[in-house]
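A.B. asks: dropping a prediction and its sequence here:
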Amino acid sequence: MAETIEPACGELQSEPDNIEVIRDQVAALLAVDFRRQAELAAESGATDSGDYNVAVYVESDDPLQYVDEDTPGANPFPCVNVILDSSDPDKGTASVNKQAFTAKIYVDCYAEGNAAEDGEFSFKAAQRAWKTARLVRRILRAEANTYLRLRGIVGRVAWSFQAGEPSNTRSAIKVKMVRVTLTVDYVENVAITEGELDWDIVGIVADENGRVHFGGDTEKEENEENGDS
C-alpha cells in the first residue's frame, strides 16, 4: 500500500525570507536619508542641490525607460536601483534550521548630464553618479546603520564600487552609472525581532514601477499630475 504524503507546509508561506527583508531594508535606509539630504541641500541654497534629491527604486528592470528627452526636469535622475543579485549558502553551515548565507545586493547609481549644461556632459554625468555612490556609502555605513540595523541577522558587510555606462543612444542626454556591490553575510530561518524599518510605519510605499515613495509624496505627485494645488 502506497504511503500517504502529507504537505510539509501546513500554513500559508507569506512571510518574506530574511534576504528579501535585507534588500528592502537597504532601500528604506536610503529613502529615509536621501529625503533628509534633499532637505538639507535645499536649505543650504547649494547650486547642486538637485544632486541630493535621489529617487530610490527596488528591482526596477531599467530606470532608463523613464527618460524623457523632450521634457526638461522630467527624468528620474539621480536615482538608485536596489537589486538582489544572488544568495549562496555557506558550505560550512551545519545546522538545517539556522543557515548562514552570503548575498550580493547591487545599488546601481544613475546620474545624467545634458547638452544644455556648460562643459562636457559625459563628465558631468560621471561626477554626479560618483557623488550618488558616495552618498550611498556614507548612509549605509553610518554608525546608526551598523549591520544595516539588523544586528543578529546581518554580519559582515563588504563593499566594492565599479563605474559603468548603461546603453543610451540619446544625443541630448548622457547617463552614467556606478554600481555599489554589498556582499552581505546573514542567517536565514531566524526571526527578525528588532531593527527592521517597517515600511508601513515609516510611511514608505513602492509603486508599480518599483519606485519607493513616502505616502504623502505619492499623494502630492498625483494631485500635481491632476492639476490640483
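C.D. replies: Received the coordinates, thanks.

A.B. asks: CA only for contacts and neighbour counts going forward, please
C.D. replies: Noted.

A.B. asks: just name the shakiest helix or strand of this structure by mean pLDDT.
C.D. replies: helix 215-225 (a mean of 46; mean pLDDT, DSSP states H and E).

A.B. asks: which other helices and strands contact the host helix or strand of residue 127?
C.D. replies: Under the criterion of DSSP states H and E, residue 127 resides in helix 121-140. Under the contact criterion of 3 or more CA pairs under 8 Å, 6 or more residues apart in numbering; DSSP states H and E, helix 121-140 touches helix 18-44, strand 99-114, strand 173-188.

A.B. asks: CA atoms of the last one as PDB?
C.D. replies: Going back to what we said before, that points to strand 173-188. The C-alpha trace of strand 173-188 is given here as PDB (Å, rounded to 0.1, in the frame of the first residue of the first chain):
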ATOM      1  CA  ILE A 173      21.400  63.300 -22.500                       C
ATOM      2  CA  LYS A 174      24.200  61.100 -21.200                       C
ATOM      3  CA  VAL A 175      23.700  58.700 -18.300                       C
ATOM      4  CA  LYS A 176      26.500  57.200 -16.200                       C
ATOM      5  CA  MET A 177      26.200  54.500 -13.600                       C
ATOM      6  CA  VAL A 178      28.300  53.500 -10.600                       C
ATOM      7  CA  ARG A 179      27.500  50.000  -9.200                       C
ATOM      8  CA  VAL A 180      27.800  49.700  -5.400                       C
ATOM      9  CA  THR A 181      28.100  46.000  -4.500                       C
ATOM     10  CA  LEU A 182      27.200  44.900  -1.000                       C
ATOM     11  CA  THR A 183      28.400  41.500   0.000                       C
ATOM     12  CA  VAL A 184      26.300  40.600   3.000                       C
ATOM     13  CA  ASP A 185      26.800  37.700   5.400                       C
ATOM     14  CA  TYR A 186      23.500  36.800   7.100                       C
ATOM     15  CA  VAL A 187      21.400  34.000   8.500                       C
ATOM     16  CA  GLU A 188      18.100  32.600   7.400                       C
END
